[in-house]
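test case, fold it:
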Amino acid sequence: MADSPTAKPKKPAAARKAAAAEPTGAPAAKQRFAKALDEAKAGAQALGKEAQERAEAYREKATSQGSEWIDEAKDLGGQAKDKAYVLANEGKAKASEAIFGLGKLVEDNAATIDEKVGPKYGEYARTAARTMQGAAEKIDAKDLGELGEDAKEFVRKSPGVAVAIAAAAGFVIARLFKKSDS
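Sure thing, here's the model as predicted:
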C-alpha cells in the first residue's frame, strides 16, 4: 500500500521539522500578515524620509538659485542706473549746447532783424538770445538732481503752462516721427 498511486509522498525530515515548528492555521497567517504590514510601514517611513530629504535639497537649491538671481538683478539694475545717469548727462550737455547754439544764431541774426523789421524787434531778438544763452549756462552748471527739482517746482507753480509745454513738445515730436516715417 505504500506504493499506491493515491498515497502522498513523504516530506524530507528537514521540511517536516520546519512545518512542525511553524504554527498552523490562522495564527501563522496573522503573523505573516503582521510581518508584511510591519515591512510595508517601514518601507513607507523610509520613502517618507527620502522624500523629505529630496524636498529639502530642492528647497535649498531653489533658495540659493533665487538668491543668485536676486543678486544678478540688483547688479543689472545698478548697471542700468549708471548707464541712464551717463545718458542723461550726455542729453543735458547736448540740450544745453543746442540752446546756446540757437541763442548764438538769434544773436547773429539780430542785425538783419534790425535792418528788415526795425531796431525794436532786433533788440527783442538780442534779449531772447541772451536769455537762451543764460538758460544754457544754468543748465550746464546744474546737476541732474537740481534740474529735476527745478522742473518739479515749475510744474507745482504753473501746472497749466507745464501741460501746454508738454502738449507742444509732444506735437513736435509726433510731427518729427511722422516725417521720418514718410
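
after the helix or strand containing Glu50, next one along is what?
In the assignment (DSSP states H and E), Glu50 maps to helix 26-108. Per DSSP H and E, helix 26-108 leads on to helix 110-116 as the next helix or strand towards the C-terminus.

which parts of that following helix are buried?
Of the residues in helix 110-116, those with enough neighbours to count as buried (16 or more other CB atoms under 10 Å) are Ala110, Ile113, Asp114. All C-beta atoms are positioned from the backbone trio N, CA, C, and that covers glycine.

then stretch 158-172?
Of the residues in stretch 158-172, none is buried (16+ other CB under 10 Å).

specify the residue ranges that define each domain of the protein.
The record's domain split for the chain, according to automatic domain parsing, is 42-142, 149-182.

and which of the buried residues of helix 110-116 is nearest Ser64?
Ser64 has its nearest neighbour among the buried residues of helix 110-116 in Ala110, at 69.0 Å by CB to CB.

mind checking how far that closest one is from Gln31?
Taking CB to CB, to the nearest Å as the measure, Ala110 falls 116 Å from Gln31.

circling back: okay if I get the buried residues of helix 110-116 as TSV plus distance to Tyr85 and pLDDT?
Conversion of those to TSV gives the following (distance: CB to CB, whole Å; pLDDT from 0 to 100):
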residue	distance to Tyr85	pLDDT
Ala110	38	87
Ile113	40	87
Asp114	44	87
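
now distance to Ala73 too, for those, in a markdown table please.
Listed next are the buried residues of helix 110-116 as a markdown table, based on distance: CB to CB, whole Å:
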| residue | distance to Ala73 |
| --- | --- |
| Ala110 | 55 |
| Ile113 | 56 |
| Asp114 | 61 |
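
what's the closest of those residues to Arg130?
Ala110 (10.2 Å).

what pLDDT does the model give the residue nearest to the closest one when sequence neighbours are not counted?
Leaving out its chain neighbours, the residue that sits closest to Ala110 by CB to CB, 6 or more residues apart in numbering is Ala125, at 4.2 Å. The predicted local distance difference test score for Ala125 is 87.

kindly report the same for the one 4 residues further on.
On the pLDDT scale, Ala129 is placed at 88.

buried set for the host helix or strand of it?
Ala129 belongs to helix 119-141 when elements are defined using DSSP H and E. For helix 119-141, the neighbour count (16+ other CB under 10 Å) marks Gly122, Ala125, Arg126, Ala129, Met132, Gln133, Ala136, Ile139 as buried.
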